[in-house]
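J.: Sequence plus the predicted model coming up.
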Number of protein chains: 2
Amino acid sequence: MKTALLGYGVVGSGTHALLDLRPEHGITAERVLVRRDIASVRAIATRDFSEILSDPSIETVVEVMGGEEPAFSYVKAALLAKKNVVTANKLMLSLHYAELISLARENGVHLAFSAAVGGGIPWLMNLLRVARVDTVESLGGIMNGTTNFILTAMQQGGADFAETLAEAQRLGYAEADPTADIDGLDVRAKLALSSDAAFSRMADASAIPTLGIRHITAADVALFKQLGLTCRLIGKAERTEAGVAAYVEPMLFSANAPEAGVNGTGNIISYRCAGLGAQSFFGLGAGQKPTASAVVQDLIDISRGATAFDLARCEGAFTPDASLAAHAYYLRANSLLPAAQIETALGETPAGPACITKPMPVSTMHAFVRERLAAGENVFAAGLTE
Amino acid sequence: MKTALLGYGVVGSGTHALLDLRPEHGITAERVLVRRDIASVRAIATRDFSEILSDPSIETVVEVMGGEEPAFSYVKAALLAKKNVVTANKLMLSLHYAELISLARENGVHLAFSAAVGGGIPWLMNLLRVARVDTVESLGGIMNGTTNFILTAMQQGGADFAETLAEAQRLGYAEADPTADIDGLDVRAKLALSSDAAFSRMADASAIPTLGIRHITAADVALFKQLGLTCRLIGKAERTEAGVAAYVEPMLFSANAPEAGVNGTGNIISYRCAGLGAQSFFGLGAGQKPTASAVVQDLIDISRGATAFDLARCEGAFTPDASLAAHAYYLRANSLLPAAQIETALGETPAGPACITKPMPVSTMHAFVRERLAAGENVFAAGLTE
């Protein structure tokens, strides 16, 4: 099967290397769309996507450029030209899921995106498969390696957030603009894609309330340690009788929870089903080799004629409702909640008083935090798991 | 797709129920081979396998009777009659892997066995898939729910082995004859099947040294707790330059290891690959619904024309060599090793003195324990993980 790579960064070059390492699959990268000259692929490079689009020998396009545009236009054009598409682009997919799934179906081609969630962890494939025999009741977990690296380092080293972020950037674990990771937007896109797969309808990602880790302090982390708790950034979706509750927020885990043991850039993602019970998938959530491996798995599946993503359905849309989930919170803010909503006062930290709240709807706490942050206050909230 | 079930016990009836619950897959149980009258399936039951074999409308046979014979003869006959086979029978498979893989290939039919390892955990499927893009360096984990239930209960309740086993039998977590579980033979068969899948050659299961948990005492468990360790029965295979080391034994884990947090009938199975790093799969390793779910996944894959088991190769055989792996052990026995091999004396227990040994080849410790057990001594050994 002849393919073209759109982009030749970390994932693109890793995919190329892995295809060369495994010639037995008969999949080759015949063209590469680049924005600058790269000596090692000069012979197959082009800066003009239309050359790839109009080449009938290219059966499959591998979009590893990232960003919404021009990635979305290229993927759409490729599907319309009856080329299969493999993409790792969770942001673009989470915005255009329904349209792309339909386009692939209408044009009789495959659209696969294992690498979009969990890096090399075969998460979406197994989720799509389980949904055909069981009812997914909830899903979620640690879906972002950058923030997990920062939270692990803060817990182990005791440094403050800004300092730890700078170190993560120096080591290449965080990008120069870390917003998508630290504010939870990357997790939100991955959670929306997982919800699409599990519930066969497209989740409105913008309706998923999202708190990141930008405002966590060394004092918060020291308090968690004192309480025997570990903080992790979590994306979660739960099916309730009234609809699907979905949210992204820091959550606190006791030492015996698997999430507490997932350190560094590790990811752990789980589903709970009515019949099967809970299953978890753990591994490295990012990095060149894991991500390239996920892309090549999709390519092999397509070359063999079927992928688990062929199971993806999009039978309408749904708006997640975080008021359907409730739990207690750790809250550190200058303006705490009314006393009646506080379960345990934890005392003063250098950044303000802290408490454990009574259980409350997730939407209520998220609205409170957003309001206080908008008012310029330094607030940090983390959900408590049972 | 029309199927016939061979056996109608827990897994057979669970598979039938799940197929009925999911008519959208178009898979039906048309015949059931039974040994006794079962009112609910009287209309489709037969006691004569040849009726199923000679029925051209039956495309796929589901072997869920267990045991080596007549299961093996039936599966062989079905493959020769160009019927696909789905089986959950790890014992039979581990004895006849190469022959059955070849027969399926020669006859152009599918042979799938997701349910043979890990219950509902999609372990073998993901292992076969990863092996096509990466080099599996090691694999293993907690693969038996019965022994994990017993070890968890002993740690939480402090009771002795015999008492805990009796309780597990009363609750239906252990069979009347618990030998295959508590002596590690079930894990050995699952480890052999996993090694076959990972290394594309058939492992000689009889060459995998195997220690079970029959001789663990409440005093051993109390000592482990004092040391902050948790005992789990582990199957493990590691690729070394000189060959594959494979063994089954109780191992001790510190509290932050994922294995220490897997309680009750849970399983956790992991592989480590050269490119991807480590990935782990966690879930319920047994039970009617998880196992039936694995069987139905295989059936759906076959009805769609491809399963990951089509990737199974058997390019020869290999004999695992446990002398290629080495680590320290907890050892409790009346005749301890020579003093030079002991790292730390742990003192007397009611069943004899205990110590931590220096690192030694796995084969050496297994031979020592087998020899002492044969001499009538009550000995227990458990490997130490790094």
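T.: Now that the structure is in, tell me what you want to look at. Because the structure is a prediction, the values reported are computed rather than measured.
J.: near chain B, which residues of the stretch 51-200 of chain A?
T.: Proximity of the stretch 51-200 of chain A to chain B, by Cβ under 8 Å from any Cβ of the partner chain, involves residues A:120-122, A:126, A:129-130, A:132-134. Placement of C-beta: from N, CA and C, glycine included.
J.: For residue A:203, state which of the residues you listed is nearest.
T.: residue A:130 (17.7 Å; Cβ to Cβ).
J.: In contact with that closest one: list those residues for me.
T.: If a contact means Cβ atoms under 8 Å, 6 or more residues apart in numbering or on different chains, then residue A:130 has A:136, A:271, A:273, A:276, A:279, B:122, B:293 as its contacts.
J.: Angles on the backbone of the last one, please.
T.: So that's residue B:293. Dihedral pair for residue B:293: phi -60, psi -40, per degrees, to the nearest 10.
J.: List the single closest residue to it in space, sequence neighbours excluded.
T.: residue B:120 (4.8 Å; Cβ to Cβ, 6 or more residues apart in numbering or on different chains).
J.: need the contact list for the one you found.
T.: Residue B:120 touches A:276-277, A:279, B:283-284, B:287, B:289-291, B:293-294, counting by Cβ under 8 Å, 6+ apart.
J.: Of the residues you listed, which is the most crowded?
T.: In terms of neighbours by other Cβ atoms under 10 Å in any protein chain shown, the contacts of residue B:120 top out with residue B:294 at 30 neighbours.
J.: how much space is there between that residue and residue B:44?
T.: Between residue B:294 and residue B:44 the distance is 23 Å, computed by Cβ to Cβ, to the nearest Å.
J.: again with residue A:284
T.: Distance from residue A:284 to residue B:44, by Cβ to Cβ: 48 Å.
J.: again with residue A:138
T.: 37 Å.
J.: who's more crowded, the two?
T.: Shown here are residue A:138 and residue B:44; by other Cβ under 10 Å, residue A:138 has more neighbours (19 against 15).
J.: is it true that that one touches residue A:269?
T.: No. Contact criterion Cβ atoms under 8 Å: residue A:138 and residue A:269 do not qualify, at 11.6 Å.
J.: On the three-state scheme, residue A:212 is what?
T.: What DSSP: H, G, I helix; E, B strand; the rest coil gives for residue A:212 is coil.
J.: Can you give me the neighbour number for it?
T.: Other residues close to residue A:212 by other Cβ under 10 Å number 23.
J.: do the same with residue A:297
T.: Residue A:297 - counted by other Cβ under 10 Å - has 26 other residues nearby.
J.: which residues does the most centrally placed residue in chain A contact?
T.: In chain A, the residue lying closest to the centroid (Cα atoms, centre = their mean) is residue A:190, at 3.2 Å. When the contact criterion is Cβ under 8 Å, 6+ apart, the partners of residue A:190 are A:90, A:94, A:116-118, A:143-144, A:235.
J.: in what helix or strand does it lie?
T.: helix A:185-199 (DSSP states H and E).
J.: partners of whatever helix or strand comes next after that helix, with directions?
T.: Using DSSP H and E, the next helix or strand after helix A:185-199 towards the C-terminus is strand A:202-203. Strand pairing for strand A:202-203, using DSSP bridges, gives strand A:317-318 (parallel).
J.: Which secondary structure elements does the following helix or strand past the strand it pairs with sit against?
T.: Note on strand A:317-318: by DSSP H and E, the next helix or strand toward the C-terminus is strand A:326-327. Counting by 3 or more Cβ pairs under 8 Å, 6 or more residues apart in numbering or on different chains; DSSP states H and E, the packing neighbours recorded for strand A:326-327 are strand A:360-361.
J.: Now do the strand it packs on, average pLDDT.
T.: Averaging pLDDT along strand A:360-361 gives 97.
J.: per-residue pLDDT, the residue of the stretch 101-250 of chain A found nearest chain B?
T.: Relative to chain B, the nearest point of the stretch 101-250 of chain A is residue A:120 (4.6 Å; Cβ to the nearest Cβ). Residue A:120 is assigned a predicted lDDT (pLDDT) of 89.
J.: again with residue A:315
T.: Value for residue A:315, per-residue pLDDT: 84.
J.: Next, give phi and psi for it.
T.: phi -90, psi 50.
J.: That one: what's it in contact with?
T.: Counting by Cβ under 8 Å, 6+ apart, residue A:315 touches A:200-201.
J.: quick one on the thing from earlier: how about the residues of the stretch 51-200 of chain A next to chain B in CSV, adding distance to residue B:167 and secondary structure?
T.: Listed next are these as CSV, based on distance: Cβ to Cβ, whole Å; DSSP: H, G, I helix; E, B strand; the rest coil:
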residue, distance to residue B:167, secondary structure
A:120, 41, coil
A:121, 37, coil
A:122, 37, coil
A:126, 34, helix
A:129, 36, helix
A:130, 32, helix
A:132, 37, coil
A:133, 32, coil
A:134, 30, coil
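J.: Just to be careful, could you list which of the contacts of residue A:190 are in helices?
T.: Among those, DSSP state H puts A:90, A:94 in helices.
J.: Nearest spatial neighbour of residue A:147, chain-adjacent residues omitted?
T.: residue A:233 (4.4 Å).
J.: So that neighbour: helix, strand or coil?
T.: Quick answer, by three-state DSSP: residue A:233 is strand.
J.: so who does it touch?
T.: A:142, A:144, A:147-148, A:151, A:184, A:187, A:212-213, A:248-251.
J.: What are the boundaries of the helices in chain A?
T.: With DSSP H as the criterion, chain A has helices at A:10-21, A:49-53, A:71-80, A:90-106, A:123-130, A:145-157, A:161-170, A:179-182, A:185-199, A:218-226, A:288-303, A:362-374.
J.: out of those helices, deepest packed?
T.: Most buried of the helices of chain A, by mean neighbour count (mean count of other Cβ atoms under 10 Å in any protein chain shown): helix A:185-199, with a mean of 27.
J.: Taking helix A:145-157 as reference, get the angle to that helix.
T.: 120 degrees (axes from the mean of the first three to the mean of the last three Cα atoms, to 10 degrees).
J.: now helix A:185-199 against helix A:123-130, angle please.
T.: Going by the same axes, to 10 degrees, helix A:185-199 makes 20 degrees with helix A:123-130.
J.: Next, the angle from helix A:185-199 to helix A:90-106.
T.: Using the same axes, to 10 degrees: helix A:185-199 against helix A:90-106 is 30 degrees.
J.: tell me the mean pLDDT for helix A:185-199?
T.: Regarding helix A:185-199, the rounded mean pLDDT is 95.
J.: that older thread, with the contacts of residue B:120 in mind, which one is nearest to residue A:386?
T.: Once Cβ to Cβ is applied, the member of these that ends up nearest residue A:386 is residue A:277, at 16.4 Å.
J.: can you pull the buried residues of stretch A:197-211?
T.: Residues of stretch A:197-211 classed as buried by neighbour count (16 or more other Cβ atoms under 10 Å in any protein chain shown): A:197-203, A:205, A:208-211.
J.: before we move on, what about stretch A:319-329?
T.: For stretch A:319-329, by 16+ other Cβ under 10 Å, it's A:320-329.
J.: Same check on stretch A:40-50?
T.: Quick answer for stretch A:40-50 (16+ other Cβ under 10 Å): A:41, A:45, A:49.
J.: Please produce a markdown table containing those residues, extended by pLDDT and distance to chain B.
T.: A markdown table is the format used below for the buried residues of stretch A:40-50 (pLDDT from 0 to 100; distance: Cβ to the nearest Cβ, whole Å):
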| residue | pLDDT | distance to chain B |
| --- | --- | --- |
| A:41 | 97 | 21 |
| A:45 | 98 | 25 |
| A:49 | 98 | 27 |
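J.: Switch these over to TSV; also include distance to residue A:303.
T.: TSV is the format used below for the buried residues of stretch A:40-50 (distance: Cβ to Cβ, whole Å):
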residue	distance to residue A:303
A:41	21
A:45	23
A:49	22
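J.: any idea which of those residues is closest to residue B:346?
T.: residue A:41 (60.4 Å).
J.: quick one, what contacts the closest one?
T.: Per Cβ under 8 Å, 6+ apart, neighbours of residue A:41: A:8, A:16, A:32, A:34.
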